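Chemist: Build the 3D model from these lines:
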Amino acid sequence: MARVLIVDDSPTETYKLTQILEKHGHVVLTAENGEDGVAKAKKELPDLVLMDIVMPGLNGFQATRQLTKAGETASIPVIIVTTKDQQTDRVWAMRQGAKAYLTKPIEEPKLIAAMQDAMA
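Modeler: Residues are numbered from 1 along each chain as shown. Presented below is the predicted three-dimensional model:
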């Protein structure tokens, strides 16, 4: 299955996402903030990135923009996974290059469907 990088500063959210992904046979990589997420994505070249928005330092919008604009990571789909549910946030995320925008708490079927669409 896919190698998925979870970028989220919440250990609880990372744990929940990891459980869902591993249940579906995916290999999980993690990063606790935007800077680490960008660095790990460039080093590991995962098949997909699940990106939180609200994090210390480099936020999810900034990290997504860096990944989608950098040559070596531009082909890696990014799905935003956040508590922010405003339409302006959705629009801004898509402008940064995100392939999908999901709000927490994550519903497993929606997550898996969004991942399949993003990697298709």
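
Chemist: tell me the contacts of the residue most central in space within the chain?
Modeler: Nearest residue to the geometric centre of the chain (Cα atoms, centre = their mean): Leu50, 1.6 Å. For Leu50, the contact set (Cβ atoms under 8 Å, 6 or more residues apart in numbering) comprises 4-8, 17, 79, 81. Every residue, glycine included, has its C-beta placed from N, CA and C.

Chemist: What about those, which are in strands?
Modeler: Judged by DSSP state E, these include 4-7, 79, 81 as members of strands.

Chemist: CSV for those residues, including distance to Arg90?
Modeler: Formatted as CSV, those follow (distance: Cβ to Cβ, whole Å):
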residue, distance to Arg90
Val4, 21
Leu5, 21
Ile6, 20
Val7, 18
Ile79, 12
Val81, 13
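
Chemist: pLDDT weak spots in the protein?
Modeler: The model of the chain has no residue with pLDDT under 70.

Chemist: ok, which stretches of it are strands?
Modeler: Assigned by DSSP E, the chain shows strands spanning 3-7, 27-31, 48-51, 78-82, 100-103.

Chemist: Could you single out the most deeply buried of those?
Modeler: When the strands of the chain are scored by mean count of other Cβ atoms under 10 Å, the highest mean neighbour count falls to strand 48-51 (a mean of 27).

Chemist: Name every strand pairing with that one and say which way it goes.
Modeler: strand 3-7 (parallel), strand 78-82 (parallel) (DSSP bridges).

Chemist: Distance of Lys69 relative to Lys23?
Modeler: 33 Å (Cβ to Cβ, to the nearest Å).

Chemist: for the strands of the chain, which one sits closest to Lys40?
Modeler: strand 27-31 (4.8 Å; Cβ to Cβ).

Chemist: Walk me through which strands the closest one pairs with, and which way each runs.
Modeler: Applying DSSP bridges, strand 27-31 is found paired with strand 3-7 (parallel).
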